[in-house]
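A.B. asks: Need coordinates for the below:
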Amino acid sequence: MGVFVTFEGIEGSGKTTQIRKAGDYLRGKRVPFVITGEPGGTLLGNELRKILLDRTALALSGRTELLLFAADRAQHVEEVIAPALQRGEIVLCDRFSDATVAYQGYGRNEDIKSVRALCDFASQSLVPDMTLLFDIPADQGLARVIDRAQRAGHAPRKDRFEREHLRFHETIRSGYLALAGENPDRFKVIDASRDVSEVHREVCVYLEGLITR
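C.D. replies: A predicted model of the protein is given here:
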């Protein structure tokens, strides 16, 4: 079996940049790996992503949002993650079940127990071997989102979650930290407010531990 590593964090935490750099590190080590993410990762997932991260006025209830994320995950595990793990590869995944608990459970105030049960069903009870949580204050993360857009030469195009109020993102961060506290053996909390290269070096330390164990 392979190794399943998830990258989690609030908007602007830098996890997507870090997962790409982690892939470069594993490639340099000639370790077989797959980079994937949610929502998305499959043809169905990409269609669901358009709905879930819709930048228009399309309305979703909290429960509908939760179920769509679960459908995306069920297809993702079946089609991408489980086969890669069976091939013995390292799977680097941008968000997984912890994101659903943090965003839909804590953020949308859905029943945490029900959210966990749905995640367990959709994922076939798959639990990451390691979860890297890129932690940053919510206001700093959102400021990064704006700065990134400005440096790209356009106004921020906020998705369904980025356009939520600051308190929502603070709640998500608190939810993530609560999950890390409940699962200290699995979670590695990384200070994501630091320089990208400094954060990457810490990620590499954790990945090296997986490769050599």
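A.B. asks: Now do the helix or strand of the chain with the lowest mean pLDDT: distance to the chain's middle.
C.D. replies: Taking mean pLDDT, DSSP states H and E as the measure, the helix or strand of the chain with the lowest value is helix 138-151, at a mean of 83. Relative to the centre of its chain, helix 138-151 is centred 18 Å away, using C-alpha atoms, centre = their mean, to the nearest Å.
A.B. asks: Which residue ranges of the protein form helices?
C.D. replies: Listed in chain order, the helices of the chain (DSSP state H) span residues 15-28, 43-52, 62-76, 82-86, 97-100, 112-122, 138-151, 166-182, 196-212.
A.B. asks: Averaging pLDDT over each of those helices, report the lowest-scoring one.
C.D. replies: Mean pLDDT values for those show the minimum at helix 138-151, a mean of 83.
A.B. asks: Could I get the buried residue list for it?
C.D. replies: For helix 138-151, burial by neighbour count (16 or more other C-beta atoms under 10 Å) applies to Ala138, Gly141, Leu142, Arg144, Val145. (C-beta placed from N, C-alpha, C; glycine too.)
A.B. asks: helices or strands up against it?
C.D. replies: Here helix 138-151 touches helix 166-182, going by 3 or more C-beta pairs under 8 Å, 6 or more residues apart in numbering; DSSP states H and E.
A.B. asks: if we can go back for a sec, would you reformat the buried residues of helix 138-151 as a markdown table and include distance to Gln18?
C.D. replies: Formatted as a markdown table, the buried residues of helix 138-151 follow (distance: C-beta to C-beta, whole Å):
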| residue | distance to Gln18 |
| --- | --- |
| Ala138 | 18 |
| Gly141 | 14 |
| Leu142 | 18 |
| Arg144 | 13 |
| Val145 | 16 |
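A.B. asks: And those residues, which is closest to Ser174?
C.D. replies: Ala138 (9.3 Å; C-beta to C-beta).
A.B. asks: mind listing what the closest residue in space to the closest one that isn't next to it in sequence touches?
C.D. replies: Setting aside the residues directly before and after it, Ala138 is nearest to His169 in space (C-beta to C-beta, 6 or more residues apart in numbering), at 3.8 Å. Each residue near His169 by C-beta atoms under 8 Å, 6 or more residues apart in numbering is listed here: Ile10, Glu11, Ala138, Gly141, Leu142.
A.B. asks: Correct me if wrong: the third one contacts Gly9.
C.D. replies: Right, Ala138. No. With contacts counted by C-beta atoms under 8 Å, Ala138 stays clear of Gly9, the gap being 10.8 Å.
A.B. asks: Would you check how far apart the residue nearest to Ala138 and Gly9 are?
C.D. replies: Noted for His169: a distance of 11 Å to Gly9, by C-beta to C-beta, to the nearest Å.
A.B. asks: Pull up the overlap in contacts between those two.
C.D. replies: Gly141.
A.B. asks: For the spatially most central residue of the chain, which non-adjacent residue is closest in space?
C.D. replies: Note on the chain: the residue nearest the mean C-alpha position is Arg95, at 1.9 Å, using C-alpha atoms, centre = their mean. Closest residue to Arg95 apart from its sequence neighbours, by C-beta to C-beta, 6+ apart: Glu38 at 4.7 Å.
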